[in-house]
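Peer 1: Coordinates for the following, if possible.
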Amino acid sequence: MSDKDHAVRIDRVVTKGTFSLDGETFDVDNNVWLVGDDEQVLIVDAAHDARAIHEAVAGRHVTAIACTHAHDDHVDAAAELSVLTGAPVLLHADDHELWSHTHPGRKTDGELTDGRILTVAGIEVHVIHNPGHTWGSCSLYVPFLNAVFTGDTLFHGGPGATGRSYSDRPTIEASIRNRLLTLPGDTAVHTGHGQDTTIAAERPNVPAV
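Peer 2: Predicted coordinates:
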């Protein structure tokens, strides 16, 4: 393992804003995750405050802005952040319609597809399609860091919400059971809102078939 590998780390930026869907608006705090080293970084979600996120990048090369899903509170800063960093915005195709509600006329730059491997700072980031919270929701699994970034699919306490458009409770539960709970139990779960958890801690919180 090289010195560079040792320098790979996860940074969190908490941003504040609103979430709007189905005619309702709520105040929310979002976790924005930066994965990388002193030279390169991958941004997970672009919530609310492009300049605060850009400041946390601290001059590093941004390989991509990966959006776990297209609810407005996770992508509202994506276009501006892409301009500030020069990085492409990546999103699963099944969330393009949701994306267009926030960014009409501005398409994403690439797609997150199940099984795709992104690279940053010499490590692999595996894309896991996790439909249910939205149809295009994805998690990002980083084996080197023993961590998974789950957006709003899996929280401390169980599955994310499915009471709004573009969502389905049986789908999210099956997606979590089949694609996330199979990861090693000590895998750290870094969520889109709130505190971290682990895969083992959440196994009792997801209903069995």
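Peer 1: Please count neighbours and contacts with C-alpha atoms only from this point.
Peer 2: Fine.
Peer 1: Run through the residues that contact residue 65.
Peer 2: 42-46, 78, 82, 87-90 (C-alpha atoms under 8 Å, 6 or more residues apart in numbering).
Peer 1: Among the residues you listed, which ones are in helices?
Peer 2: Per DSSP state H, helices hold the following members of the contacts of residue 65: 78, 82.
Peer 1: And the helices in the protein?
Peer 2: Secondary structure of the chain (DSSP H): helices located at 3-7, 50-57, 72-75, 78-85, 96-102, 169-175, 199-202.
Peer 1: Could you list the residues in contact with the third one?
Peer 2: Okay, so that is helix 72-75. Residues contacting helix 72-75 (C-alpha under 8 Å, 6+ apart): 17-20, 28, 30, 45-48, 67-69, 99, 101-102.
Peer 1: hang on, the earlier thing: could you say which of the helices of the chain is packed most deeply?
Peer 2: helix 72-75 (a mean of 24; mean count of other C-alpha atoms under 10 Å).
Peer 1: Pick the one among the contacts of residue 65 closest to residue 52.
Peer 2: Nearest to residue 52 among the contacts of residue 65: residue 46, at 10.3 Å, using C-alpha to C-alpha.
Peer 1: thinking again about what came up before, tell me the buried residues within the contacts of residue 65.
Peer 2: 42-46, 78, 82, 87-90 (16 or more other C-alpha atoms under 10 Å).
Peer 1: any low-confidence regions in this protein?
Peer 2: For the chain, applying pLDDT under 70 flags the ranges 1-6.
Peer 1: Please name the nearest non-neighbouring residue to residue 80.
Peer 2: Once flanking residues are discounted, residue 80 sits nearest to residue 50: 6.2 Å by C-alpha to C-alpha, 6 or more residues apart in numbering.
Peer 1: Can you tell me the centre-most residue of the protein?
Peer 2: The C-alpha lying nearest the average C-alpha coordinate of the chain belongs to residue 68 (C-alpha atoms, centre = their mean; 3.4 Å).
Peer 1: In contact with it, which residues are there?
Peer 2: 44-45, 74, 91, 137-140, 150-152.
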